[in-house]
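*Asks:* here are the coordinates; sequence isn't available:
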């Protein structure tokens, strides 16, 4: 519609101009001795317009002729970039399909005309990772780093992820450590670090990483709690030589207060204290924990924490008997504490009741010991024999140990 209006307007202007020229054509004289030219004004205007158009065409053709090399170079460059983009597209498609050979060929082709070949280098690194050519992978990663130094984080994250997938845990850890200096709050850096610390069993660094994981909401609260629990539990269960009480206390103090109230953590720390012969400390730890929340494991450990106040300790444990009269773990503990207090008759009564309730197998050994002390050697021998039989039976029921894996016998009820 607009074009039609323009054409109509041009025709109207032409008609009006023609009518004006016919009514008064005007007169133009151009003279320069010995020549002169005269014509009407409309003819002069047409000749001037035609001359201007001719000059413009000649100048345009000359300019285009001069710019031919530049235009050809620009055309070639644009064509190369189009081909590079198409090759990159095809290369990434082949990479996603797992067609390594074609993917690498396309990605290499995309590098030739690429203005920023970073994606091509990273894709080629992934291709060689898939082919198992790790040296060539590292060459492409280095080329990516050189091609775009302002994208260190992108290159580093790709490198760390590929190293992690290739089970190069130590190298991945070194890469992530450098990246954390660049971007200390980056979620993916923190998440991959947590996975590596877990895989490398680096419990100290994993425990120190818990706070940043929470602050940046890297994982769900449940997953972070599980990592925190695992890290501190492993730190507490590390074997320590006798006399290493300071590292043990340091590990316990580093455990969050919320976890220090958990019976499982109390049990781990108490076992270490008993192994370190810190009996009073173990008793002081176990007693309030048991009174706050009853736990069979803690009750059994209380009988192993033989403090310097055996009578008071036995009296404390006997106060629990009113609440848990049929608890076999408590009866075993009472038997041990009575033996430690020199009350063999009372110990025998507790242990016999423990055995009758099918309590832990250890009750047979303790009962045999107290019977032997009381001079009842035949009954003591029978108890030792029965305990050995039950232990052997339990051992046969355990699954066969794999190479490098050991199984500790689990306590079960006495039959």
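*Replies:* All right, it came through fine. Since the structure is predicted, the reported quantities are computational estimates derived from the model, not experimental observations. Numbering: from 1, shown residues only.
*Asks:* In which helix or strand does residue 96 reside?
*Replies:* helix 68-97 (DSSP states H and E).
*Asks:* Tell me which other helices or strands that helix touches.
*Replies:* Judged by 3 or more CB pairs under 8 Å, 6 or more residues apart in numbering; DSSP states H and E, the packing partners of helix 68-97 are helix 100-112, helix 118-131. (C-beta placed from N, C-alpha, C; glycine too.)
*Asks:* what residue ranges in the stretch 101-250 of the chain score low on pLDDT?
*Replies:* Flagging of the stretch 101-250 of the chain using pLDDT under 70 yields the residue ranges 239, 243.
*Asks:* how about the helices in it?
*Replies:* In the stretch 101-250 of the chain, the helices defined using DSSP state H, counting those that start in this stretch lie at 118-131, 134-147, 152-165, 169-182, 187-200, 203-215, 221-237, 245-254.
*Asks:* mind giving me CSV with these and columns for distance to residue 351?
*Replies:* What follows is the helices of the stretch 101-250 of the chain, written out as CSV (distance: least, CB to CB, whole Å):
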stretch, distance to residue 351
helix 118-131, 63
helix 134-147, 63
helix 152-165, 54
helix 169-182, 50
helix 187-200, 43
helix 203-215, 39
helix 221-237, 29
helix 245-254, 31
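*Asks:* looking at the ones you listed, which is buried most?
*Replies:* helix 118-131 (a mean of 22; mean count of other CB atoms under 10 Å).
*Asks:* Tabulate the helices and strands packed on helix 68-97 in CSV, adding columns for distance to residue 189.
*Replies:* Converted to CSV, these look like this (distance: least, CB to CB, whole Å):
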stretch, distance to residue 189
helix 100-112, 26
helix 118-131, 17
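*Asks:* right, so of these, which gets closest to residue 373?
*Replies:* Closest approach to residue 373 among the helices and strands packed on helix 68-97 is made by helix 118-131 (68.5 Å; CB to CB).
*Asks:* returning to what we had before: out of the helices of the stretch 101-250 of the chain, flag the one nearest residue 33.
*Replies:* That would be helix 134-147 among the helices of the stretch 101-250 of the chain, by CB to CB, at 73.4 Å.
*Asks:* Give me the neighbour count for residue 364.
*Replies:* Using other CB atoms under 10 Å, residue 364 is surrounded by 24 other residues.
*Asks:* Read off the pLDDT value for it.
*Replies:* Per-residue pLDDT puts residue 364 at 84.
*Asks:* Can you tell me the closest non-neighbouring residue to it?
*Replies:* Counting by CB to CB, 6 or more residues apart in numbering, residue 387 is the residue found nearest to residue 364 once chain neighbours are left out, at 3.1 Å.
*Asks:* residues contacting that neighbour?
*Replies:* By CB atoms under 8 Å, 6 or more residues apart in numbering, the contact set of residue 387 is 361, 362, 364, 365, 368.
*Asks:* rewinding a little: out of the helices and strands packed on helix 68-97, which is closest to residue 228?
*Replies:* helix 118-131 (32.5 Å).
*Asks:* quick one: that closest one to helix 134-147, angle?
*Replies:* Interaxial angle of helix 118-131 relative to helix 134-147 (axes from the mean of the first three to the mean of the last three CA atoms, to 10 degrees): 170 degrees.
*Asks:* Contacts made by helix 118-131 with the rest, please.
*Replies:* 88, 91-92, 95, 98, 100, 103-104, 107-108, 110-111, 114, 134, 136-138, 140-141, 143-144, 147-148, 151, 154-155, 158-159, 162, 165-166.
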